[in-house]
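In: this one's structure only:
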DNA sequence: CAAAAAACATTTGAATACAAATAATATGAG
DNA sequence: CTCATATTATTTGTATTCAAATGTTTTTTG
């Protein structure tokens, strides 16, 4: 029987491994496409929801608007997105993919989350429950059930409803 | 019974929550001490292992040496650490906490990991096994059992040996 | 309607973070 | 011993991230 101390240490190690893996994966995707993780992420969202306001994009990415402006600047320079001042409300800037942007995106790999989703979907239901419960406990410990996820991807909608261990 | 799709989505959401929570926590510690997460993290490591080489500190933090140099620059300006060119090998720079650094550190809160460890330790053994197994599965999916953890903390030593669900 | 408040995108300034290049020193091969 | 190689810290340049301040435009209030 492992000591409690040892179990806790193992858990922490594995959390770190997950952090690290997501990070490494995003760096690999960067090498392949010339797009950084956040840039690719923004484009994936645009592919689904363009045209979209800057503020809405920021919300979708759970990032500060100022951060998104920077990312958009660089994507614009590369000719992958276009900004248009909205006719109806001239405070608003509408973002859309250019044709080049769409082409590039087709050849781009999934964001880190894609890897996770693909991997998880191959698992039997029983294992999914196991993983889900473990993470729920962690979330409970951290006291962040209410926090809207953030980072890592775009899928919105977070109605919860889970089973217990 | 939840659909597999839904389960996977829930898992991803919770992973994002954990990411987010760790990040938020580090920002909170920053407000309290005037030290950023990485700065505090570096000092915690120094408290345990100083004097230490820059390259060794970088390894302990799983960061690029260039990044650590920047962090040390800012800590040095605040008078919390001291750099000394090593006598034995003049390429090496030894880092140590100053007395002021030690004082500040005493009043500083734990790094995000501290919160996790404390929370985990209150859980019954059964729950720990549940969390550990869930994370093990994730790590397996990501194919990173071999990756030395990284991020989040400093404790070294990672022999593994776990039970199943 | 006019002034105040809010919403929106952006700019500015600071801290990470990495890769690549540099400079200084140490070690190894011949 | 000398030259090539390796190690060590640093500098430089780019990207991400946030908070705070700014400038426009819209909405709300009085």
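Out: Yep, that arrived. Keep in mind the model is a prediction, meaning the values are calculated, not measured.

In: mind listing the helices for chain A?
Out: Using DSSP state H, the helices of chain A run over A:4-33, A:37-49, A:54-61, A:65-77, A:99-107, A:112-121, A:125-142.

In: could the ones you listed go into a markdown table alongside mean pLDDT?
Out: Converted to a markdown table, the helices of chain A look like this (pLDDT from 0 to 100):
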| stretch | mean pLDDT |
| --- | --- |
| helix A:4-33 | 75 |
| helix A:37-49 | 93 |
| helix A:54-61 | 93 |
| helix A:65-77 | 97 |
| helix A:99-107 | 93 |
| helix A:112-121 | 72 |
| helix A:125-142 | 78 |
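
In: ok and the residue in chain A nearest chain B?
Out: residue A:134 (2.5 Å; CB to the nearest CB). No exception for glycine: its C-beta is placed from N, CA and C like everyone else's.

In: The nearest residue to that residue once chain neighbours are set aside - how many residues pack around it?
Out: Of all residues not flanking residue A:134 in the chain, residue B:134 sits nearest, at 2.5 Å (CB to CB, 6 or more residues apart in numbering or on different chains). Residues lying near residue B:134 (other CB atoms under 10 Å in any protein chain shown) number 28.

In: Next: residue A:118.
Out: 12.

In: cool, residue A:100 as well?
Out: Neighbours of residue A:100 (other CB under 10 Å): 12.

In: Now for it: which residues touch it?
Out: Residues in contact with residue A:100 (CB atoms under 8 Å, 6 or more residues apart in numbering or on different chains) are A:79-80.

In: What spatial separation is found between it and residue A:85?
Out: 21 Å (CB to CB, to the nearest Å).

In: Residue A:64 too?
Out: Taken as CB to CB, the span from residue A:64 to residue A:85 is 22 Å.

In: Then residue A:41?
Out: According to CB to CB, residue A:41 and residue A:85 sit 24 Å apart.

In: Over to residue A:30?
Out: Per CB to CB, residue A:30 is found 31 Å from residue A:85.

In: Repeat that for residue A:55.
Out: Counting by CB to CB, the gap from residue A:55 to residue A:85 is 14 Å.

In: quick one: which of the two has more around it?
Out: Comparing residue A:55 with residue A:85 by other CB under 10 Å, the one with more neighbours is residue A:55, at 13 against 10.

In: what sits against the closest residue to the more buried one other than its chain neighbours?
Out: Of all residues not flanking residue A:55 in the chain, residue A:65 sits nearest, at 5.8 Å (CB to CB, 6+ apart). Applying CB under 8 Å, 6+ apart to residue A:65 gives the contacts A:54-55, A:58.

In: wait, which of the residues you listed is closest to residue A:6?
Out: Of all the contacts of residue A:65, residue A:6 sits closest to residue A:58, with 42.1 Å by CB to CB.

In: quick one: the closest residue to residue A:57 other than its chain neighbours from DNA strand D, how far?
Out: Excluding the flanking residues, the one nearest residue A:57 by CB to CB, 6+ apart is residue A:68, at 5.5 Å. Separation of residue A:68 from DNA strand D (CB to the nearest atom of the strand, to the nearest Å) stands at 8 Å.

In: Let me know how buried residue A:68 is, in neighbour terms.
Out: 21.

In: Was I right to think it contacts residue A:59?
Out: No - counting by CB atoms under 8 Å, residue A:68 does not reach residue A:59; the two are 9.4 Å apart.

In: what's in contact with stretch A:106-115?
Out: So stretch A:106-115 is contacted by A:21-22, A:25-26, A:29, A:32-33, A:35, A:37, A:40-41, A:43-44, A:118, A:152-153, B:12, B:141-142 (CB under 8 Å, 6+ apart).

In: Among the residues you listed, name the buried ones.
Out: A:21-22, A:25-26, A:29, A:33, A:35, A:37, A:40-41, A:43-44, A:152-153, B:12, B:141-142 (16 or more other CB atoms under 10 Å in any protein chain shown).

In: which bits of chain A sit near DNA strand C?
Out: Contacts of chain A with DNA strand C, taken as CB under 7 Å from any atom of the strand, map to A:27, A:53-56, A:65-66, A:69-70, A:72-73, A:83, A:89, A:91-93.

In: can you do 6 Å?
Out: Within reach of DNA strand C by CB under 6 Å from any atom of the strand, chain A has these residues: A:53-55, A:65-66, A:69, A:72, A:83, A:91-93.

In: Quick check: of these, which has the highest neighbour count?
Out: That'd be residue A:72 among the residues of chain A next to DNA strand C, by other CB under 10 Å, with 22 neighbours.

In: for it, what are its contacts?
Out: A:42, A:54, A:57, A:81, A:83, A:95.

In: export those residues to TSV and tack on distance to residue A:4?
Out: Shown next, in TSV, are these (distance: CB to CB, whole Å):
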residue	distance to residue A:4
A:42	43
A:54	48
A:57	44
A:81	51
A:83	54
A:95	50
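
In: Distance check, residue A:9 against residue B:28.
Out: For residue A:9 relative to residue B:28 (CB to CB), the value is 24 Å.
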